[in-house]
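> The following comprises the amino acid sequence and a computationally predicted model.
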Amino acid sequence: DTEVTQTPKHLVMGMTNKKSLKCEQHMGHRAMYWYKQKAKKPPELMFVYSYEKLSINESVPSRFSPECPNSSLLNLHLHALQPEDSALYLCASSQDRARDTGELFFGEGSRLTVL
Amino acid sequence: RKEVEQDPGPFNVPEGATVAFNCTYSNSASQSFFWYRQDCRKEPKLLMSVYSSGNEDGRFTAQLNRASQYISLLIRDSKLSDSATYLCVVNIGLKQLTFGSGTQLTVLP
C-alpha cells in the first residue's frame, strides 16, 4: 500500500465545475509534486513544492491551481477544465529536494474525466 | 531530441527469458539515474537506482555508460509478475527528475 494517499480516486466533472484533488503524506517528506499522466505516456511534472513553497511550475495553465496548506497536504484546485485535461493525476513526495535520492513515493492517482 | 528516450516496445518474452532495456539521455550533465516500474493502472514505483559501477538486485542488473549516455536494465529469468512498464528516469539538474516514455514488458507463460 502506498503511503501517499490521494482522493478522490475517480472524478468526473463538467467544464464549468470547480473541484479539488487532495493528497496527503505522513512520512515527513518536505517535497511534494503533482504529475499528470495520459494513457501510455510517462508522468509529466506539473508543480513542485519544497518546504511548502512552490518551487516549480511547469507552465501549467491557470485553470490548475496548486495549494500546499502544510507539509503533509497538497491540493490541486480545478476550474474550467477542458476535455483534454482528462488524465491520471499523480501526487508524489520525496524526502527533501536538496538531498534528492531520486525516490519519489507516488499516490495511486486521481483519474479525472472532463466532459 | 527528447531528453530521455526509450524503446517503447512492447517486449513480449517467455517466462525464464532474459530481456534488456536501454535508455539514452541527452544532457551530459545528468547526475543520477533510476529505473521505475509501473503496473497497469497503478502508480510508478522505484525499482532501482543506477550507479556508475553498475549494480545488481536479484534478477535485475542496471548499468550506466556515461560516455555514451545510456543506461540499461537487464532482467534475468523473467517471471510473469515482471510484466509492467519500465520507466527510465534521469535527474537532469535542478533536482528535477525526467521520465522516459517507458518500455512495456509482457512475460508470457
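Structure's in. What do you need?
> Listing request: residues of chain A with sub-threshold pLDDT.
A:1-2, A:97-102 (pLDDT under 70).
> Likewise for chain B?
Checking chain B against pLDDT under 70 turns up B:1, B:93-95.
> Strands of that one, residue ranges please.
Counting by DSSP state E, the segments of chain B that form strands are B:4-6, B:11-14, B:19-25, B:32-38, B:44-50, B:55-57, B:60-65, B:70-75, B:84-91, B:97-99, B:103-108.
> With respect to burial, which of those scores highest?
Mean neighbours per residue, mean count of other CB atoms under 10 Å in any protein chain shown, is largest over those for strand B:84-91, with a mean of 24. Where you see a C-beta, it was placed from the backbone N, CA and C, and this is true even at glycine.
> can you give me the offset of that one from its chain's centre?
In terms of CA atoms, centre = their mean, to the nearest Å, the centre of strand B:84-91 is set 5 Å apart from its chain centre.
> Can I get that strand in PDB, CA atoms only?
Below are the C-alpha coordinates for strand B:84-91, written out as PDB (Å, rounded to 0.1, in the frame of the first residue of the first chain):
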ATOM      1  CA  ALA B  84       4.900  -3.900 -16.400                       C
ATOM      2  CA  THR B  85       6.100  -0.700 -18.000                       C
ATOM      3  CA  TYR B  86       9.700   0.200 -17.100                       C
ATOM      4  CA  LEU B  87      10.400   3.900 -16.900                       C
ATOM      5  CA  CYS B  88      13.900   5.200 -17.200                       C
ATOM      6  CA  VAL B  89      14.300   8.300 -15.000                       C
ATOM      7  CA  VAL B  90      17.100  10.800 -15.100                       C
ATOM      8  CA  ASN B  91      17.900  13.700 -12.800                       C
END
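> what's the angle from it to strand B:103-108?
Orientation check (axes from the mean of the first three to the mean of the last three CA atoms, to 10 degrees): strand B:84-91 against strand B:103-108 gives 150 degrees.
> Who are the packing partners of strand B:84-91?
strand B:4-6, strand B:19-25, strand B:32-38, strand B:70-75, strand B:97-99, strand B:103-108 (3 or more CB pairs under 8 Å, 6 or more residues apart in numbering or on different chains; DSSP states H and E).
> now those strands in JSON lines, with distance to chain A?
As requested, the helices and strands packed on strand B:84-91 are arranged in JSON lines below (distance: least, CB to the nearest CB, whole Å):
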{"stretch": "strand B:4-6", "distance to chain A": "8"}
{"stretch": "strand B:19-25", "distance to chain A": "12"}
{"stretch": "strand B:32-38", "distance to chain A": "5"}
{"stretch": "strand B:70-75", "distance to chain A": "12"}
{"stretch": "strand B:97-99", "distance to chain A": "4"}
{"stretch": "strand B:103-108", "distance to chain A": "8"}
